[in-house]
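**Student:** Quick one, structure for this:
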Amino acid sequence: MKATAQIFLSYAREDRGKVEKLYQKLSEAGFNPWMDKKNILPGEKWEVAIREAIRRSDFFLACLSANSVTKRGWIQKEIKDALDIWQAMLDSDIYLIPVRLEDCKAPESLRDFQWVDLFEEDGWTRLVEAIEIGMERRAEVTKPAGPERLYENRQAIVTRMRGLIAQQRDNYSEAEGNLQKALTIWRDLGQDKDVATVLGDLGKLAYERKNYDAAGQFYRRALELAQKIDDKEGQAICIGAQGELAIDQQEWAKARQRFGQELALAKEVGRVELVAQAQQGLARVWEAEGRADRALPLAQEALAIFERLQHMDLTEARELLERLRGKQPPP
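**Tutor:** Okay, here's the model as predicted:
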C-alpha cells in the first residue's frame, strides 16, 4: 500500500481534458491517481500496464459521459475487470465509483452503484468523502484479519488523508493533528519514504499559515530523509518547496540555487511537471532581479509544459509570461 489511496481513472478519450483536471485535483488532495496518459512509461505494454494498475488500485473511478456510455472497446473492458475485482469484496466496501462528468445515463452494468455528479456543486466533496469512508471501512476490516503492521499502515493512510482534506477546508488545527498522528505511525513502522512525505505535508501546512521558520525545518527534515533513502523525486519536491520559501523571504540567490537543483533532479527522474515548476520558479527569481531577458524563455517553456499536461490553473504562469513580455525592450 502506498502512502495514500491509488485511484484508477477509466474514461473515454474524448473526455481526456476533463479527466486530466480530475487527476490534478486528486493529486492536490493527497491521493495517488492513475491515468494511462500520465502513468504508462514509454516502452511499456499499455494493455498489461492498465490491467496491473486496475488490480493494484484501491478505487476505480468510471468517468461517464455521453462519449463513454455509448462507446464500445477498452473502457468497457476496464469496467468489466473492475466488476470482477468488486465481486471478491465485501458488500460494504466502496471500490467502484461511477463519476458522471455530465448529465448522462449510466451503463446497465453500473446501475446498482450510486454515482456522483462531478458537474454539481457538491460533486467533488461527495467524491472525496466516499474515498475517505471507503479507506476507513477497509482499515476497520483489516484489524482482526491481517497483521498489525498492515492495519497500522492503513490507519496512517486514512489519518493523513483526513489531514489533507482538513487543510483544503482551512481547518489547520485538525490538519496538523492528523498529519502528526500519521507521522508518528509511519515513524514507528520505520517507513522512511512515508515519513518524508508527511514532513513535506507539514511544511506546506506551516507555509500556508505563514510560519516560515517551521516550514523551513519541516522541509529540511524531509529532504534529509529523502537523501538518506535516495528518493530523488522526493528530493526535487522538497528542494522546490525550499525555493518557494526563499522567494517569500526575498533570498534570491538561495531561491535560484534551489530551483536549479530541483530542475536537475526533475529532469533526471523524468517528472515533467516538476521541471515546469522549477523553470517557473527560476523565471520568477530572474524577474525579481531585473533580468526579464533570462526569465522569459524559462516562463515560456514552463507554460508550454503546463498546457500540454492540462494543468488546472494556468493563471499564474500566463500572468508571469505577460509581465515578462511587457518588460522586453522594443525590437
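
**Student:** which sections of the stretch 51-200 of the chain are below the confidence cut-off?
**Tutor:** Flagging of the stretch 51-200 of the chain using pLDDT under 70 yields the residue ranges 70-73, 139-149.

**Student:** Tell me which stretches of it form strands.
**Tutor:** Taking DSSP state E, counting those that start in this stretch to define them, one finds strands in the stretch 51-200 of the chain at 59-64, 96-100, 116-117.

**Student:** gap between the first one and the chain center?
**Tutor:** For strand 59-64, the separation from the chain centroid amounts to 17 Å (computed by CA atoms, centre = their mean, to the nearest Å).

**Student:** got the angle for it vs strand 96-100?
**Tutor:** 30 degrees (axes from the mean of the first three to the mean of the last three CA atoms, to 10 degrees).

**Student:** Report the residue ranges of every domain in the protein.
**Tutor:** 1-142, 245-331 (automatic domain parsing).

**Student:** before we move on, the earlier item: using JSON lines, lay out the strands of the stretch 51-200 of the chain together with mean neighbour count and distance to residue 323.
**Tutor:** Placement of C-beta: from N, CA and C, glycine included. Listed next are these as JSON lines, based on neighbours: other CB atoms under 10 Å; distance: least, CB to CB, whole Å:
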{"stretch": "strand 59-64", "mean neighbour count": "25", "distance to residue 323": "36"}
{"stretch": "strand 96-100", "mean neighbour count": "22", "distance to residue 323": "37"}
{"stretch": "strand 116-117", "mean neighbour count": "19", "distance to residue 323": "39"}
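
**Student:** Tell me which of the ones you listed sits nearest to residue 33.
**Tutor:** strand 59-64 (8.4 Å; CB to CB).

**Student:** Summarise which helices and strands that closest one is packed against.
**Tutor:** strand 6-10, helix 16-28, helix 74-87, strand 96-100, helix 123-145 (3 or more CB pairs under 8 Å, 6 or more residues apart in numbering; DSSP states H and E).

**Student:** distance between the ends of stretch 62-69?
**Tutor:** 10 Å (CA to CA, to the nearest Å).

**Student:** sorry, back to before: which of the helices and strands packed on strand 59-64 sits closest to residue 47?
**Tutor:** helix 74-87 (8.3 Å).

**Student:** mind checking how far that closest one is from the chain centre?
**Tutor:** For helix 74-87, the distance to the chain centre is 24 Å (CA atoms, centre = their mean).

**Student:** Stretch 33-41 now?
**Tutor:** 12 Å.

**Student:** Please point out which parts of it sit buried.
**Tutor:** By neighbour count on 16 or more other CB atoms under 10 Å, the buried set for stretch 33-41 is 33-36, 38-40.
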